[in-house]
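Asker: kindly return the folded structure for what I paste below:
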Amino acid sequence: MPVFAEENCENEVTIPVPVIDNPCNEDFSVVLEIDGEVKLTQLPENNEPIIEILEVGIHTVKWIITDASGNITVCEQAIIVQDVSLEVDCPDDVSASVDDDELFATGVKTGTPTATAECMDVGDIKFRWELTPPVDFQDEYLNPGDVAGNGIYDIEKFYVGVTTITYYLTDEEGEAILDENGDPISCSFTVTIDTEPEINCPEDIEEEADEDCAYEVEPGVPTLISGSHPLVWEYTIVWANDDPDTHVVYDENTEPVYGPPQIGTQTFPIGVTTITWKVTDRFGKTDECTQTITVEDKTPPIFTGTITDFEECVDMLYGAVYDSSSDDVKRYLDHNGASPQPYPIDNGPPEDFFLLMQGNTDLDLDWNDFKENCCDITESNILWTITFDLATPNGRGGTTISGTEQPSTHYEDIKLWGDRIGYQTLTHTIEYTITGCNGNEMKEPIIRNITILPRPQIIKMTGP
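Answerer: Alright, predicted model coming up:
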């Protein structure tokens with residue numbers, strides 16, 4: 001067992017004194033040499049062991065005993081002071097694909113191990129290797145030289161499965177160098193020959209639709225990362241516009257060249273089209289990947305018509321009745337043809353309005369005034385907001401009312417407020433925001449003025 005160096009690449013070494021057999025009780029002399037240098041010329045008292053500080057390396061300890069007759073006896077001992085930092089690093093694990101039509105891979109390079117140490121020159125360190133083959137292919141390694149040897153393993157043929165190669169450090173005599181625990185200093189790595197195919201699809205494509213609401217492109221084909229021929233390739237195109245799927249099978253066992261097959265230039269509709277590739281090898285193992293082609297309609301609807309304003313008077317006065325007992329005047333309004341309804345002038349807030357009843361299309365947009373290149377304009381979304389004139393009385397100035405779809409479909413009648421306090425003309429606005437069926441909002445909203453004219457002012461006169 002060697003002595004291991006500690007600090008300063010050295011350590012104390014205990015050198016035992018030899019046992020000298022002297023049956024005649026003759027005088028004799030003793031010389032101790034370490035690496036050729038005389039360290040002692042007599043035995044220590046009580047034959048105590050010699051303590052020396054030795055550096056990393058192999059040291060030769062020589063005891064030279066000379067008796068009175070001049071007979072010389074030499075006793076030699078080798079003391080190894082080993083660098084505790086000595087270690088071996090193996091190459092990285094290796095993976096490769098099986099050769100076409102074979103059960104092994106060739107041309108597989110495994111690299112070389114590296115011995116390192118802080119206190120010694122590793123140039124004299126030797127390597128020994130051992131190989132553990134895959135279980136199913138042990139019969140391919142029947143000779144002793146197939147599974148163990150000295151130096152670097154340089155054979156580049158490996159069978160399907162996992163092969164383990166272990167490197168050991170040895171001295172010049174081929175003996176394994178041990179660590180502090182008495183175990184051989186070693187490292188291992190694996191060589192994996194895989195039969196499973198692996199493919200990577202081309203990158204996803206995202207483009208804007210052309211004037212024909214489509215995009216023409218060659219989507220590319222996947223890359224075979226690992227696996228061996230012959231293979232069976234398949235691809236399935238699921239079209240964004242719900243056209244029937246396209247499915248193609250390409251069998252390398254019957255085709256003149258290896259795949260993958262070319263898809264060629266295709267015209268892709270608006271939406272997300274997926275292309276799913278699948279590959280199957282001769283062992284029945286498969287891999288899949290998916291590519292998407294996204295074509296976006298980024299052209300918003302265009303308003304091609306003319307903006308016309310809306311103007312109406314407050315609802316028509318149907319009649320008025322003066323009640324002298326209460327000094328009130330009650331008027332009757334005709335809400336756009338509805339039954340006349342009494343409305344007290346002096347009781348409650350004084351207000352007038354034009355009632356836009358449900359189903360009234362006067363504020364609706366005419367879809368014929370729009371152009372949408374890639375879908376039905378009537379499938380567009382409308383968000384409208386009416387903002388009342390700041391001069392609208394009774395605290396309604398600047399307030400809003402909003403809805404979706406056409407105003408005629410609003411869930412209730414819409415009161416377009418007039419002025420029965422100052423009897424002024426009020427100008428409200430309605431703003432339409434149009435979003436096309438593919439989510440593109442018009443660059444500018446459509447704004448129309450809504451003018452509500454007041455009724456003539458009715459003044460109640462009192463007698464003298």
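
Asker: residues making contact with stretch 167-187?
Answerer: Residues outside stretch 167-187 that contact it (CB atoms under 8 Å, 6 or more residues apart in numbering) are 1-2, 4, 82, 84, 86-90, 113, 115, 124-130, 150, 166, 188. Heads up, the C-betas are built off the backbone N, CA and C, glycines and all.

Asker: brain fart, stretch 354-370
Answerer: Applying CB under 8 Å, 6+ apart, the set of residues contacting stretch 354-370 from outside is 301-306, 310, 312-315, 335-336, 338, 377-378, 380, 382, 384, 406-416, 418, 430, 432, 434, 446, 448, 450, 452.

Asker: low-confidence regions, the chain specifically.
Answerer: Along the chain, the model assigns pLDDT under 70 to residues 1, 316-350, 458-464.

Asker: tell me how it divides into domains.
Answerer: Taking automatic domain parsing as the reference, the chain has its domains at 3-82, 87-194, 198-296, 310-453.

Asker: now these as TSV including mean neighbour count?
Answerer: Listed next are these as TSV, based on neighbours: other CB atoms under 10 Å:
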stretch	mean neighbour count
domain 3-82	14
domain 87-194	15
domain 198-296	16
domain 310-453	16
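
Asker: the stretch 251-400 of the chain: strands as residue ranges?
Answerer: For the stretch 251-400 of the chain, applying DSSP state E, counting those that start in this stretch gives strands covering 266-269, 271-280, 286-296, 302-303, 310-313, 316-323, 328-334, 341-344, 352-356, 370-371, 381-387, 400-404.

Asker: ok, the second one: who's next to it in the sheet?
Answerer: Read it as strand 271-280. If you go by DSSP bridges, strand 271-280 pairs up with strand 232-238 (antiparallel), strand 286-296 (antiparallel).

Asker: please state the offset of it from the chain centre?
Answerer: Average the C-alpha atoms of strand 271-280, do the same for its chain, and the two points are 19 Å apart (CA atoms, centre = their mean, to the nearest Å).

Asker: with just CA atoms, put it into PDB.
Answerer: Coordinates of each C-alpha in strand 271-280 appear next as PDB, following Å, rounded to 0.1, in the frame of the first residue of the first chain:
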ATOM      1  CA  GLY A 271     -55.500  30.400 -40.100                       C
ATOM      2  CA  VAL A 272     -53.200  27.700 -38.700                       C
ATOM      3  CA  THR A 273     -52.300  24.700 -40.800                       C
ATOM      4  CA  THR A 274     -50.400  21.900 -39.100                       C
ATOM      5  CA  ILE A 275     -48.100  19.400 -40.800                       C
ATOM      6  CA  THR A 276     -47.400  16.300 -38.800                       C
ATOM      7  CA  TRP A 277     -44.400  14.100 -39.800                       C
ATOM      8  CA  LYS A 278     -44.000  10.500 -38.600                       C
ATOM      9  CA  VAL A 279     -41.100   8.200 -39.300                       C
ATOM     10  CA  THR A 280     -41.000   4.400 -38.600                       C
END
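
Asker: now the helices for this protein?
Answerer: Taking DSSP state H as the test, the helices found in the chain are 144-147.

Asker: surely residue 376 and residue 437 touch.
Answerer: Yes: counting by CB atoms under 8 Å, residue 376 touches residue 437, with 6.6 Å between them.

Asker: would you turn the strands of the stretch 251-400 of the chain into JSON lines with distance to residue 158?
Answerer: Putting these into JSON lines (distance: least, CB to CB, whole Å) gives the following:
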{"stretch": "strand 266-269", "distance to residue 158": "42"}
{"stretch": "strand 271-280", "distance to residue 158": "23"}
{"stretch": "strand 286-296", "distance to residue 158": "22"}
{"stretch": "strand 302-303", "distance to residue 158": "66"}
{"stretch": "strand 310-313", "distance to residue 158": "84"}
{"stretch": "strand 316-323", "distance to residue 158": "99"}
{"stretch": "strand 328-334", "distance to residue 158": "97"}
{"stretch": "strand 341-344", "distance to residue 158": "97"}
{"stretch": "strand 352-356", "distance to residue 158": "84"}
{"stretch": "strand 370-371", "distance to residue 158": "67"}
{"stretch": "strand 381-387", "distance to residue 158": "63"}
{"stretch": "strand 400-404", "distance to residue 158": "68"}
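
Asker: which one of the ones you listed lies closest to residue 259?
Answerer: Proximity to residue 259 (CB to CB) singles out strand 271-280 among the strands of the stretch 251-400 of the chain, at 8.1 Å.

Asker: ok, residues contacting that closest one?
Answerer: Residues outside strand 271-280 that contact it (CB under 8 Å, 6+ apart): 197, 199, 201, 219, 221-222, 224, 227, 231-241, 260, 263, 286-295.

Asker: rerun at 6 Å
Answerer: Contacting residues not belonging to strand 271-280 are listed as 197, 199, 201, 219, 222, 231-240, 286-294 [CB atoms under 6 Å, 6 or more residues apart in numbering].

Asker: likewise stretch 301-316?
Answerer: For stretch 301-316, contacts defined as CB under 6 Å, 6+ apart pick out 333-335, 352, 354-355, 369-372, 380, 418, 434, 436, 442, 446, 448-451, 453, 455.

Asker: output it in PDB with nothing but the alpha carbons.
Answerer: Output for stretch 301-316, consisting of C-alpha atoms alone and laid out as PDB, is shown next (Å, rounded to 0.1, in the frame of the first residue of the first chain):
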ATOM      1  CA  PRO A 301     -62.200  46.600 -43.200                       C
ATOM      2  CA  ILE A 302     -62.300  49.800 -45.300                       C
ATOM      3  CA  PHE A 303     -65.200  52.200 -45.200                       C
ATOM      4  CA  THR A 304     -66.000  53.200 -48.800                       C
ATOM      5  CA  GLY A 305     -69.300  55.100 -48.200                       C
ATOM      6  CA  THR A 306     -70.200  58.600 -47.200                       C
ATOM      7  CA  ILE A 307     -70.800  59.600 -43.600                       C
ATOM      8  CA  THR A 308     -74.300  61.100 -43.200                       C
ATOM      9  CA  ASP A 309     -75.500  62.800 -40.100                       C
ATOM     10  CA  PHE A 310     -78.800  62.100 -38.300                       C
ATOM     11  CA  GLU A 311     -81.300  64.800 -37.500                       C
ATOM     12  CA  GLU A 312     -84.700  64.600 -35.800                       C
ATOM     13  CA  CYS A 313     -87.000  66.700 -33.600                       C
ATOM     14  CA  VAL A 314     -87.900  65.700 -30.200                       C
ATOM     15  CA  ASP A 315     -91.100  63.600 -30.100                       C
ATOM     16  CA  MET A 316     -94.200  65.300 -31.600                       C
END
